[in-house]
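1. predicted coordinates and the sequence they were generated for:
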Amino acid sequence: MPTPVVAGNWKMNTTLAEATALAAGVREGMKALRGVEVILCPPFISLAAVRDAVRGSSIKVGAQNMHFEKSGAFTGEVSAAMLQGLCDYVILGHSERRQLFGEDDGLINRKVKAAFAHGLRPILCVGETLEQRESGRAAQVVGQQVKAGLAGVHDITGLVVAYEPVWAIGTGRAATPEIAAEVMGGTIAEALRELFGAAAGQVPLLYGGSVNPGNVAGYAGQASIHGALVGGASLQAAQFVEIARATAAAKALS
Ligand code: 13P
């Protein structure tokens with residue numbers, strides 16, 4: 001079984017001071033916690049401060065996005081080379097990037113390859129919209145996102161995949177653990193196996209979408225779900241630590 005993972009996607013929240021305090025709060029709460037890889041994904045401008053705040057602990061840091069080119073005339077962008085030394089992970093293909101910033105599978109694929117090439121671990125996000133689910137296309141959409149996002153990738157060491165149904169993000173309308181497990185243990189696991197054979201079994205699969213301390217055990221209790229990608233609830237240290245604790249506990253039982 002892959003290592004359980006709980007990642008906090010802070011999105012466009014927290015000032016530098018707030019990010020530093022939040023990271024310190026998570027570090028404090030995580031002191032006695034084992035059995036789960038915890039990742040904090042602050043805004044770019046707080047990456048260095050959060051890295052420093054968790055230095056010497058087991059907590060890892062991730063970026064929320066990046067550009068695929070190394071450097072150049074790309075105003076406002078940040079490259080994988082720039083992230084080296086600041087973080088170990090990078091969230092790619094988040095549905096907010098896809099929907100609000102026009103990112104498509106081809107672009108995301110280039111980013112995934114650039115991340116691997118620079119020793120960053122991509123957290124590749126996939127998920128269907130409500131309209132796609134209601135028209136019976138969830139499996140097809142998610143399977144395609146996985147395959148296109150990883151096209152031309154040969155070594156998936158370090159990869160994490162997050163299933164975040166768009167209709168469950170920030171809505172309080174979380175997918176049931178059964179729906180999430182159906183997509184993750186079915187569609188996503190099968191697509192990964194088809195592409196990468198036995199190596200697919202090492203990829204942590206995270207559920208994301210309205211995860212909170214009260215519902216996370218339901219996901220972590222599913223064999224095909226190895227952790228969570230948390231948005232809103234990751235902005236409160238106590239809630240996020242509780243999500244990590246409950247995930248480690250549920251995974252230790254399974
Ligand atoms: P919420 O947990 O706020 O629904 O956000 C999920 C998410 O998009 C994490 O990447």
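-> Here it is on my side, so go on.

2. which residues does the residue of the stretch 151-254 of the chain found nearest the ligand contact?
-> Residue of the stretch 151-254 of the chain nearest the ligand, by CB to the nearest ligand atom: Gly231 (2.2 Å). The way it works is simple: take the backbone N, C-alpha and C, and place the C-beta from them, glycine included. Neighbour list for Gly231: Asn9, Lys11, Ile169, Gly170, Gly208, Val211 [criterion: CB atoms under 8 Å, 6 or more residues apart in numbering].

3. near the ligand, which residues of the chain?
-> The chain comes close to the ligand at residues 9, 94, 164, 169-170, 208-211, 229-233, as judged by CB under 6 Å from any ligand atom.

4. buried ones only from those residues, please, as a ChimeraX command.
-> Of the residues of the chain next to the ligand, the buried ones can be selected in ChimeraX as follows, counting by 16 or more other CB atoms under 10 Å:
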select :9,94,164,169,208,209,210,211,229,230,231,232,233
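
5. in strands, which of the residues of the chain next to the ligand appear?
-> When DSSP state E is applied, the residues of the chain next to the ligand are split such that Asn9, Gly208, Leu229, Val230 fall in strands.

6. quick check: the two most widely separated of the contacts of Gly231?
-> Farthest pair in the contacts of Gly231 (CB to CB) is Lys11 and Val211. Separation: 13.9 Å.

7. secondary structure class of the closest residue in space to Ser210 that isn't next to it in sequence, three-state.
-> The shortest distance from Ser210 to any non-neighbouring residue, by CB to CB, 6 or more residues apart in numbering, is to Ala174 (3.9 Å). Secondary structure, DSSP: H, G, I helix; E, B strand; the rest coil: Ala174 is coil.

8. and the longest helix along the chain, what does it pack onto?
-> Ranked by residue count under DSSP state H, the longest helix found in the chain is helix 237-253. Judged by 3 or more CB pairs under 8 Å, 6 or more residues apart in numbering; DSSP states H and E, the packing partners of helix 237-253 are strand 5-9, helix 16-29, helix 216-220, strand 227-230.

9. one more time with 10 Å
-> Identification of packing neighbours for helix 237-253 by 3 or more CB pairs under 10 Å, 6 or more residues apart in numbering; DSSP states H and E yields strand 5-9, helix 16-29, strand 37-41, helix 216-220, strand 227-230.

10. please save the CA atoms from the third one in CSV.
-> When you say that, I think you mean strand 37-41. Provided in CSV are the C-alpha atoms of strand 37-41 (Å, rounded to 0.1, in the frame of the first residue of the first chain):
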residue,chain,number,x,y,z
GLU,A,37,3.0,12.2,4.9
VAL,A,38,1.7,15.7,5.5
ILE,A,39,2.2,18.3,2.8
LEU,A,40,1.5,22.1,3.0
CYS,A,41,0.8,23.9,-0.2
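
11. picking up where we left off before, and the residue nearest to Ser210, what is it in contact with?
-> If you count contacts by CB atoms under 10 Å, 6 or more residues apart in numbering, Ala174 has them with 165, 167-168, 180, 207-212, 214-216, 218-219.
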